[in-house]
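Student: Sharing a model prediction with you, sequence too.
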Amino acid sequence: MKIYTKTGDRGETSLFGGTRVSKNNLRLEAYGTVDELNSALGLCICASVAEDVQELLTELQNRLFDAGSDLATPSDYSGSKISVPRISGEHIEKIESAIDRFDSSLPALTGFILPGGSESAARLHLARSICRRAERHVVALQMGEEINPNLVIFLNRISDLLFVLARYENKVSGKGDVNWTK
């Protein structure tokens with residue numbers, strides 16, 4: 001199988017199921033940004049000093065691939081023998097559990113913090129901001145098309161998780177959070 005198909009050379013691509021859409025379609029913007037987030041997490045894994053964070057982020061990359069598949073497949077599509085993974089409440093609960101676990105080891109927040117500290121924390125903050133953009137695109141898509149409602153919640157929780165993991169990485173690397181000063 002060749003990497004290039006030439007089917008997108010005119011600015012269109014196919015959703016799962018074969019529907020052709022413009023490459024500037026909001027659905028593509030949503031799952032393209034989820035893909036960008038997934039790539040950013042790869043960079044976070046490379047810089048992480050904590051093995052438990054690396055393992056969690058690798059699992060999260062797999063679930064983001066599921067989210068991309070979910071977004072690339074219209075909700076009413078049912079014509080395939082292939083089961084399309086959908087984000088569920090269970091995925092959200094696992095993220096919430098991870099947030100609680102890592103956050104319980106951190107000092108209480110007393111103010112706003114800036115993205116920074118250690119390199120791994122800064123990368124996690126960048127991934128968090130990409131996640132927020134993906135969430136905005138999914139919200140916009142949801143306003144015009146029926147999509148899995150768990151996707152918005154899932155992305156919202158991931159951004160919270162990435163914030164907590166950035167603080168955790170600062171802690172385990174011996175760096176503190178960078179406090180915002182007025």
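Tutor: Cool, the structure landed.

Student: Quick one: the strands in this protein, in order.
Tutor: For the chain, applying DSSP state E gives strands covering 12-14, 20-22, 113-114, 178-179.

Student: show me what contacts Ser159?
Tutor: Shown in contact with Ser159 (CB atoms under 8 Å, 6 or more residues apart in numbering): Arg128, Cys131, Arg132, Glu135. Every residue, glycine included, has its C-beta placed from N, CA and C.

Student: so how far is Asn156 from the closest residue to the first one other than its chain neighbours?
Tutor: Closest residue in space to Arg128, ignoring its immediate chain neighbours: Leu162 at 3.9 Å, by CB to CB, 6 or more residues apart in numbering. From Leu162 over to Asn156 the distance is 11 Å, taken as CB to CB, to the nearest Å.

Student: which of the contacts of Ser159 lies closest to Ala72?
Tutor: Comparing the contacts of Ser159 against Ala72 with CB to CB places Glu135 closest, at 17.0 Å.

Student: okay, now the closest one: neighbour count?
Tutor: Neighbourhood size, Glu135 [other CB atoms under 10 Å]: 23.

Student: Quick check: it vs Pro107, distance?
Tutor: 27 Å.

Student: thinking again about what came up before, tell me, how many neighbours does the residue nearest to Arg128 end up with?
Tutor: Residues within reach of Leu162, counting by other CB under 10 Å, total 28.

Student: Now for it: which residues touch it?
Tutor: Contacts for Leu162 were tallied using CB under 8 Å, 6+ apart; they are Leu124, His125, Ala127, Arg128, Cys131.

Student: cool, and Ala134?
Tutor: Residues near Ala134 by CB under 8 Å, 6+ apart: Ala30, Thr33, Val34, Glu36, Leu37, Leu155.

Student: Export those as TSV, with columns for distance to Asn179 and pLDDT.
Tutor: Listed next are the contacts of Ala134 as TSV, based on distance: CB to CB, whole Å; pLDDT from 0 to 100:
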residue	distance to Asn179	pLDDT
Ala30	34	95
Thr33	29	97
Val34	31	98
Glu36	29	98
Leu37	26	98
Leu155	27	98
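
Student: Return the closest of the residues you listed with respect to Ser83.
Tutor: Distance ranking of these against Ser83, using CB to CB, places Val34 first at 19.3 Å.

Student: Tell me how many other residues crowd the closest one.
Tutor: For Val34, the count of nearby residues is 29 (other CB under 10 Å).

Student: who's in contact with it?
Tutor: Counted by CB under 8 Å, 6+ apart, Val34 has contacts Leu64, Ala67, Gly68, Leu71, Ala134, Leu155.

Student: Farthest pair within the residues you listed?
Tutor: Gly68 and Leu155 (11.5 Å).

Student: which of these two has more neighbours?
Tutor: Using other CB under 10 Å as the criterion, Gly68 and Leu155 rank with Leu155 on top: 28 against 20.
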